[in-house]
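> My questions are about this predicted structure, shown below with the sequence.
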Amino acid sequence: MKDRLKRLYQLQEIDKQLDELESLRGDLPGTVSALEAEMEGQVYSIEEKKKKIEQDKAQKEENESEMIRILDEQKKFRAQLVSVRNNKEYDAMTKQIDRCSEDIQRFEKENAAITDAITSNETDVTESLPRIETKRAELEEKKSHLLEIIQANEVEEQKLRTERAELQKHITPQDFSLYNRIRTAKKGLAVVTIDRDACTGCHNVVPAQRQLEIRRNNRVFNCEYCGRILVSAEISGLAPTEE
Ligand SMILES: [Zn+2]
């Protein structure tokens, strides 16, 4: 029984160290992925704007060719105007000429709007490029910082993980799942000691009678306030014996 408690305590100690290593990374992993998502969004938006600019330019050119064609047509109508035979023909011809003018005006208006859209999108693209570059630099810096931290602790983390895996082999699945359940519920701390008559997990007083029982190391006791597993000083002060 004593070994069982010792192993749970040792597991907690290893996890504490792993948690510390993790906390060194701070919110860097989150910051990095948020920056990556932001960059992706901005790059996508620029690509879309560039596509729109190309489409607009093509549309503008198409409108211009159409206007040339209409002007040409109008010129022909004007030339025919001198050879009309009656008023009815004259009116019909004039109508055609007017229609050409209207069409040209419509295309001119459309092209003016397209030109505005192109200018506005081009400005957006030009202005966001340096912003994206700044973000990219920030991202690279954060990424390399994160990598440094990870690399610096890689050996230690690997050692702890190996120890943990080895230790787990000697812990029953029931104890392991109990430990994990409390650890998840209690922000990482599942096994605690008693200090100055209090549970070191929640700082509530552990009754003297219960402390006596805990010192016997013959069963798993949970703190009646926080539910964490309470172990005696003997358990926390001794290395686990090998089986
Ligand atoms: Zn407690």
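Good, I have the coordinates.

> Give me the number of neighbouring residues for residue 127.
One way to gauge burial is a neighbour count; for residue 127, by other CB atoms under 10 Å, it gives 9. Where C-beta positions appear, they are placed from N, C-alpha and C, glycine not excepted.

> Summarise which helices and strands the one helix or strand it maps to is packed against.
Assigned by DSSP states H and E, residue 127 belongs to helix 87-168. Identification of packing neighbours for helix 87-168 by 3 or more CB pairs under 8 Å, 6 or more residues apart in numbering; DSSP states H and E yields helix 2-24, helix 28-81.

> hey, which of the ones you listed is tucked in deepest?
Comparing those by mean neighbour count (mean count of other CB atoms under 10 Å), helix 2-24 comes out on top with a mean of 18.

> ok, now which ones touch residue 42?
For residue 42, the contact set (CB atoms under 8 Å, 6 or more residues apart in numbering) comprises 128, 131-132, 135.

> just residue 188 next, same as before
Under the criterion of CB under 8 Å, 6+ apart, the contact list for residue 188 reads 15-16, 19.

> Pipe those into JSON lines and attach pLDDT per row.
Output for the contacts of residue 188, formatted as JSON lines (pLDDT from 0 to 100):
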{"residue": "15", "pLDDT": "96"}
{"residue": "16", "pLDDT": "95"}
{"residue": "19", "pLDDT": "94"}
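
> Which residues of this structure lie near the ion?
By CB under 5 Å from the ion, the residues of the chain that approach the ion are 199, 201-202, 223, 225-226.

> could you redo the last one with a cut-off of 8 Å?
Counting by CB under 8 Å from the ion, the positions of the chain adjacent to the ion are 192, 199-204, 206, 223-228, 230.

> Return a PyMOL selection command for the buried portion of those.
Of those, the buried ones can be selected in PyMOL as follows, counting by 16 or more other CB atoms under 10 Å:
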select buried, resi 192+199+200+201+206+223+226+228+230
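
> if we can go back for a sec, with distance to residue 113 as added columns, please give the contacts of residue 188 in TSV.
As requested, the contacts of residue 188 are exported to TSV (distance: CB to CB, whole Å):
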residue	distance to residue 113
15	64
16	65
19	60
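
> for those residues, which one is nearest residue 41?
Sorting these by how near they are to residue 41, with CB to CB, puts residue 19 at the top with 32.7 Å.

> Now do the same contact list for residue 182.
Taking CB under 8 Å, 6+ apart, we find residue 182 in contact with 190, 222, 227-229.

> what's the closest of those to the ion?
Here the nearest of the contacts of residue 182 to the ion, counting by CB to the ion, is residue 228; it sits at 5.2 Å.

> Now residue 28. Nearest residue, chain neighbours left out?
Nearest residue to residue 28 in three dimensions, chain neighbours excluded: residue 146, at 4.5 Å (CB to CB, 6 or more residues apart in numbering).

> Please report the distance of that neighbour from the ion.
Between residue 146 and the ion the distance is 35 Å, computed by CB to the ion, to the nearest Å.

> my guess is that residue meets residue 25, correct?
Yes. Between residue 146 and residue 25 a contact is recorded at 6.5 Å, counting by CB atoms under 8 Å.

> got the angle for the strand ranked longest in the chain vs helix 2-24?
Taking DSSP state E as the criterion, the chain has its longest strand at strand 191-195. For strand 191-195 against helix 2-24, the angle by axes from the mean of the first three to the mean of the last three CA atoms, to 10 degrees is 100 degrees.
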